[in-house]
Each structure stands twice: as structure tokens, then as C-alpha cells.
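**Student:** sharing a model prediction with you, sequence too.
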2 protein chains.
Amino acid sequence: MISVKKALSIIEKVKYSVGTEYIASNKALGRIVSENVLSKTDNPPFNMSAMDGYAVCNKPHNKVYKVVGEIFAGHSMSKKKILKNEAVRVYTGSKLPQGTTTVIIQEKTKVLDNNFILHTNNSLKIGEYVRKKGLDFKKNKTIIKSGKILNARDIALLISANCKNIKVFKKPKVSILSTGDELIFSEKIKKDSNIFASSLYMLEALIHLSFSECIHKTIVKDNKNKIKKALREAIKSDIIITTGGVSVGKKDLIRSSLIELGFEEKFWKITMRPGKPLLFGILKSKPVFSLPGNPVSTYVCFLIFIFPFLIKILNLKNNYYKKIAKLANNTKLASKRESYLRGFFYKQNNENFVKCLSNQDSSLLNMLATSNCLIKIPSNKKYSKNMFVEIILFPPLF
Amino acid sequence: MISVKKALSIIEKVKYSVGTEYIASNKALGRIVSENVLSKTDNPPFNMSAMDGYAVCNKPHNKVYKVVGEIFAGHSMSKKKILKNEAVRVYTGSKLPQGTTTVIIQEKTKVLDNNFILHTNNSLKIGEYVRKKGLDFKKNKTIIKSGKILNARDIALLISANCKNIKVFKKPKVSILSTGDELIFSEKIKKDSNIFASSLYMLEALIHLSFSECIHKTIVKDNKNKIKKALREAIKSDIIITTGGVSVGKKDLIRSSLIELGFEEKFWKITMRPGKPLLFGILKSKPVFSLPGNPVSTYVCFLIFIFPFLIKILNLKNNYYKKIAKLANNTKLASKRESYLRGFFYKQNNENFVKCLSNQDSSLLNMLATSNCLIKIPSNKKYSKNMFVEIILFPPLF
């Protein structure tokens, strides 16, 4: 048995790379950029009118201009030179014709006969109402830094920079094997002694929320040959998660199956509650996390061990979800093992509080769904009301 | 011209319902439950051993038991009655045989000859190491309340409760029409006067992040017939968003097109910066938001007006993203219109600060991508360093 801290440091040392891939920028929401992105164009790509008006050659002293053309947004003008007493009708987004530098907004003009306009304002400034080429960003500027999780605004930025494809980290591919003769898929009709494999679907969701994808999920009977067959198939993924069958009973066949397949065991059993039987190691170069079968234990082990591992191999930081809070009630008796209790975090008068939920049995999904954090209680300590504890808030939709 | 507040109250009054649908619980991550969900089974569905051991009939005084059978998890025993001096070998998750109430864990037994075991601990308590039927929740208990956004734990809860399908709000279906002769799709090769329709993809992402789906996105030329045709097609969706062409210029054809199609205008133009030309109304019973074409204006209008509308029709609350923060620098000159400036929110010594970004031109996507909030500045007010302002933090991945 090793401590949670020791287990985390062992997992942390495992090097695994999922590699990178190019994807279309317009499909990249939530993906993680794996190298700095440089713009491929100036933005705006040309000098552009910011308003509806008249483009002129920057001769503020002319009060009357002859309108010699009109340019709509999306259109160009034949490359005729514009003279100093000439103006071109432009609109928001119009590309300014060569030689013009300034826009007189239409509100400051008066239309005369024969295509002439009168400029009714003396204070025309050079470059006014023009969005200059490159005002937003220049070509070859770093617009997105490596490691960024792309949001909706980033996608607009990438597209306006003509970055059609970008390099992102591949999503780690995860396989889940839930073992247990009692388990059935959620769509099956339940017979007497069956239990729905709820962990399977919970893990699938958690993997999806951890920038990864579940490529395979299956239920395996408590049979060594079947378990070994399923594990051999799972090696095609980057990471393997198993649930159940990892303790010391007659039907706990995960560990021996792994060992017979050449498993390099890194640790087994942790002084932790829930989650004690956790097994971790490498099978044919792929990290394997074998979690206890109870859904609450599965959840806690995912949050404490697998989530940080996925975050790490994607080069992300994992320090967002820890807080210190004041206990709103007493916790139960101390445990020899470090405990992760289901808690409910809330704020009162700008102070962090956490309530320890009443029943901490690791089979209680209802309590888990009611909670919004785990309270970390070090081994052999009893924590009472008003003491400060470390809590781990659940990431969004976890 | 109306105020932002007035505009919001007009939008708020529009009733629109997207209806509900049944979906498989295992596909329901992030969906919004539209009625309370009752469990369809007790959980555990039967009395279950919590450990590996021996199930007995709750006669603590017997010290020697005859082992008369073995039950693995997922299996049942023929309905033989277990006598008070008999025991049945069970494992974690095994269904307890009829008549048994208590499990002696294997660590507290000694195996004797001829299938007898000796119980080595006197302090056996009735019901010990048994997870009683319904301990987690009873049948017909409300396990999820209406309005909840389903997380990974909820999915496990639903599946363990044998709720295979649940009633959720349909995703509002949104169509986006970006107008402008200059606009091209992101995968196209850019010609001289073209601009990529970055707003189109940004809006698609924002809609997805707002519990909704973009069912159609298109670019329409500045041509009234084409705009009207596109609007007529968009009526199949729940909500229509247009960008561009909504101001007063020669090529601003959205409003007149809508009116010719029988648009019921609710308001046009807001004393707001950016976002002034915003147009809102109802076309053939469908809400239409016509936003300015500039990507920053589009973004601000989505966040301030469309996001709350989507949240409201899905019966969710929208009060998560507002905060008060101290200005870390001076803002620019006061505007007659209420301003929504791009800001950067951070915490220092547990205090909320916001820095107003230097260039607030509404064409600057780079500044928008750098920001993490909007700073709301009331009209005709100048805010200086150290004053408190209201900020709107961007929701996750916005």
C-alpha cells in the first residue's frame, strides 16, 4: 500500500505522448493547440472603410470633390489613380481605392449636382474612418499560443487570419472494460441479479469531458480468458481503464490477467478511501488504470488519478479545482486511510464553506450526484466543524 | 433608440417554447431535464453483500456454520431456505440468499473441514456488511429535478435507476445568415477584396455552447431577393440570427427584407457600444436577431441578448457570470451609449480586478480573443482607476 501522494508521483513520471494532428479551424472548438499559430494574412487584409462615406486622397483643404466611382464591400475598383479633388463612394467594409487614405463620413457631406459633393466639416483628420491594413494583426504574428484550449473567439480569430487548419493534440483514445458477471448494458432488460454498468457510461462522459475520447466500452464476465482477450483488444487505444475485479477475492481476476499478459505493475493498493484497490501499470506500452467496481470509487479514482494524467499528457495545467473551505459540520470518525468525502461547497458572506454529506458509503450514487466536491481528509485525523479542509471541486459537467 | 435594459425586457417578454423530447440517458450529458425524474427501481435492487464473506441468518450466537452454497455477483441461488446454522459463500455484489441478513467477512472466519467455517469474532451485528435493497434510493423517488443540466454522475444515477430514456428540452435550432458581398466561407481561397465570414463560425460555436444547435449557416449576398429567400428558408429553425446589413446604408437590406416578409419589429437600434444597429422582432412566429456585421459587435450582442434568451427558453437561470471588480486602469472617454468594453479580469489578494484593454475598436478580433470579460460602462460616465464596475465574465469556451 502506498499513499495517494506517492501514487500520483509514480503516475506523473510515466511518459506518454498522443501526438498531434491537423484539423480544420472551424471544427476546433475545445481542442488544444500544440504549437504557436501564426497569422497567414494581415487583418484587415487591406485598408478598409469603417463607415459609409467617401474615400479621398487626404487633402483636407479641398471642400468640393468630384465623385468618380463607387465601391461596395467585397468589390474592387479598376486601378485608376484617384486625384486630389476626387472622391469615391465607399461603404463599411469597402476596400479603399489606391491612393485614398481617408474617409469623409456621409453625415458630413452634402451632395451637389453632377456627381459633386461638398465636405461640410473642416476638421478632417488624415486616416479618419479607415481601418488600416493589419490594424487587428499583421501577417506572421503569433495569434494563438501553444497549449490554449480554443474558444469561440479563437475560432473567429483563426478564420480571419486565414489559418484553415491548425495543429492540435490528438484526443487520447481510451478503452473501458467493466468486469462483473452481474453487469449489463443500460439498454438491456434487467433480470433478477443484474446490475446496470453505470460506471461504464459515467466514465465515457468523464473521458469526453477530459479532452479525450472513449473509443471502446465493454462489459467482460469474470472469466480470465475473456478478460485477457478484452485487454489484448484494448491495447489499440492509448489508455485502458478497467473497473471491478481488482481486489483480492476469488473473482478478482484483473491483476492476474494483466500479469499473464506481461503487465509492468507500477503500484497496487493505496491508503485511500474510497479507491483502496487501485492498480496502475503499463501493458505493452499503454498505461492501464484498474479501478474498483463501485461507481463512487470509480468516480473518485478518475478525478484524483486519471484526470490529472490526461491533463498532463495534453500539456495542460491542473490547478483549477482545489480550494480551502471551512467545514460546516463534523466529519465522521477518522480513517487510517486518506479519505475523499462527498461534500457540498457553498459561499456565505464571501467565505468558502463545505458541508460533509451524511452517508459516505461508496455505493451511494445518489449522494455522489448531490455533492459538488470531494473533501480531502488526511489519514488518522478527525476534522470538526469550523476547521479548514482542502476540497476538490468537480470540473464542469463532471 | 432604446436602452439595453429596455431591449432586454422586450426580449424577455417574448414567449417561445422549443418543446421536449425523450432521449437515451446514456447520451444525455449536458442536456437539460424538463421534468422530475423518478427512479424505476430500488438501488441496490436487492440485498447485496458489501464484501467477500459468508451470508448468515442473523444468529450471532452460532460460532460454526455449514457452508451450503456459493453465490457470485450476477448469479442467484435456487430458492432454498437457509437455516440458522448454515452459511452461503458470497462476494462483493452477490445477491444475498433468501432469509440471510448479515455477512461475516472472510477475514473473520476460519475454514474447517467438510464445508464448515468458524466465526472468529463475537461482535457480529445484524445487517453488517450488507447493502440493503433501496439503501441508495427507493423506487419512485425523485432522483433528478427538472431543470438540471445533466453531468457525468447524473448519468450513472439515471442508469442505475433503470431510467433508460428521459424527457429533456429539445435543443433550440438556430439558423445563421451572414450577409455581405465581401464574405466567403473559411475553406475558400481568398481573393483580393474578400473577408472570411469569421462571425459565422464563432456564432456556430456560441450556439453549441448555449445548449442549442446551429442547423444551418450560410452567406448571403447584399441582394434583397437572395436575403428574402434565405430568410424564408430559415423559418424552419426556432431562431434566426443574421449578421451585417442592418444599419442605414445603401447595402443595408436586412430590415427592409424582413419587413417585406411580414416582420413584426420589436425594436431597432440600441444606445449601446458596440451593437447599436441591433434589430429584433418576430418573423412568422420565429424570433429574429439581426446583429451588426463586425465580429466583436456580433459577439457582444450574442452574449448580452441571445444567450440570455436561449437560457430563458430552456428554463435555466442566467446569473452566473456577473461580478463586480475594481478597475486597474482608466477607461477612455465617456460615450453617450452604454459601453461594453473588452476587459481582462484577474484576482489579486482575493480581490477582483479588471483591466480595460487598450484598443476598443469593434473590428479587433485579436483584442477580443485576449479579453476574458466585458466591462459595462453606463452612458455618459467616465470610469477611472480603482472605481468599481460591473463585469460580465465569458461562459466556458465562449
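**Tutor:** Yes, it's here. Numbering: from 1, shown residues only, chains lettered A, B, ... in the order given.
**Student:** looking at chain A, which helix or strand is least sure?
**Tutor:** Here the helix or strand of chain A ranked lowest by mean pLDDT, DSSP states H and E is strand A:116-119, holding a mean of 86.
**Student:** can you tell if that one touches chain B?
**Tutor:** No - interface with chain B: strand A:116-119 contributes nothing (Cβ under 8 Å from any Cβ of the partner chain), its closest point being 14.8 Å away. The way it works is simple: take the backbone N, C-alpha and C, and place the C-beta from them, glycine included.
**Student:** give the pairing partners of that strand; include direction for each.
**Tutor:** strand A:64-71 (antiparallel), strand A:109-111 (antiparallel) (DSSP bridges).
**Student:** ok, then the element right after the first one?
**Tutor:** Proceeding N to C from strand A:64-71, the next assigned helix or strand is strand A:86-90, under DSSP states H and E.
**Student:** mean confidence for the helix or strand following that following strand?
**Tutor:** Later in the chain than strand A:86-90, the nearest helix or strand by DSSP H and E is strand A:102-105. Mean pLDDT, strand A:102-105: 93.
**Student:** over to stretch A:53-72?
**Tutor:** Taken as a whole, stretch A:53-72 has an average pLDDT of 86.
**Student:** I'd like the next helix or strand past the least confident helix or strand of chain A.
**Tutor:** strand A:130-131.
**Student:** whichever helix or strand comes after that next one and chain B in contact?
**Tutor:** Following strand A:130-131 in sequence order, the next helix or strand is strand A:142-144 (DSSP H and E). Yes - Strand A:142-144 is in contact with chain B by Cβ under 8 Å from any Cβ, via A:143-144.
**Student:** buried sites along strand A:142-144?
**Tutor:** Across strand A:142-144, burial judged by 16 or more other Cβ atoms under 10 Å in any protein chain shown covers A:143-144.
**Student:** so what secondary structure elements neighbour it?
**Tutor:** strand A:37-38, helix A:152-160, helix B:365-370 (3 or more Cβ pairs under 8 Å, 6 or more residues apart in numbering or on different chains; DSSP states H and E).
**Student:** could you find the closest non-adjacent residue to the one residue sitting closest to the centre of chain A?
**Tutor:** Against the mean C-alpha coordinate of chain A, by Cα atoms, centre = their mean, the closest residue is residue A:30 at 4.8 Å. Computed as Cβ to Cβ, 6 or more residues apart in numbering or on different chains, the closest residue to residue A:30 that is not its neighbour in sequence is residue B:397, at 6.0 Å.
**Student:** need the pLDDT of the one you found.
**Tutor:** With respect to pLDDT, residue B:397 scores 96.
**Student:** relative to residue B:44, how far out is it?
**Tutor:** As judged by Cβ to Cβ, to the nearest Å, residue B:397 and residue B:44 stand 38 Å apart.
**Student:** residue A:146 now?
**Tutor:** 48 Å.
**Student:** for these two, indicate the residue with more neighbours.
**Tutor:** Using other Cβ atoms under 10 Å in any protein chain shown, the more surrounded residue of residue A:146 and residue B:44 is residue B:44, with 21 against 14.
**Student:** what is the burial count for the residue nearest to the more buried one when sequence neighbours are not counted?
**Tutor:** Excluding its sequence neighbours, the residue lying closest to residue B:44 (Cβ to Cβ, 6+ apart) is residue B:131, at 5.1 Å. Residues near residue B:131, counting by other Cβ under 10 Å, number 24.
**Student:** so of the helices and strands packed on strand A:142-144, which one's packed in deepest?
**Tutor:** Highest mean neighbour count among the helices and strands packed on strand A:142-144 (mean count of other Cβ atoms under 10 Å in any protein chain shown): helix A:152-160, with a mean of 28.
**Student:** how about the residues of the stretch 1-150 of chain A near chain B?
**Tutor:** Taking Cβ under 8 Å from any Cβ as the criterion, the stretch 1-150 of chain A approaches chain B at residues A:24-26, A:29-30, A:41, A:43-46, A:50, A:52, A:72-76, A:91-93, A:95, A:131, A:135-137, A:143-144, A:149.
**Student:** one step back: to residue A:284, which of the helices and strands packed on strand A:142-144 lies closest?
**Tutor:** Of all these, strand A:37-38 sits nearest to residue A:284, with 34.9 Å by Cβ to Cβ.
**Student:** now the next helix or strand after that closest one, how far from the centre of its chain.
**Tutor:** Helices and strands here follow DSSP H and E; after strand A:37-38, the next one along the chain is strand A:48-49. On the basis of Cα atoms, centre = their mean, to the nearest Å, strand A:48-49 sits 36 Å off its chain's mean C-alpha point.
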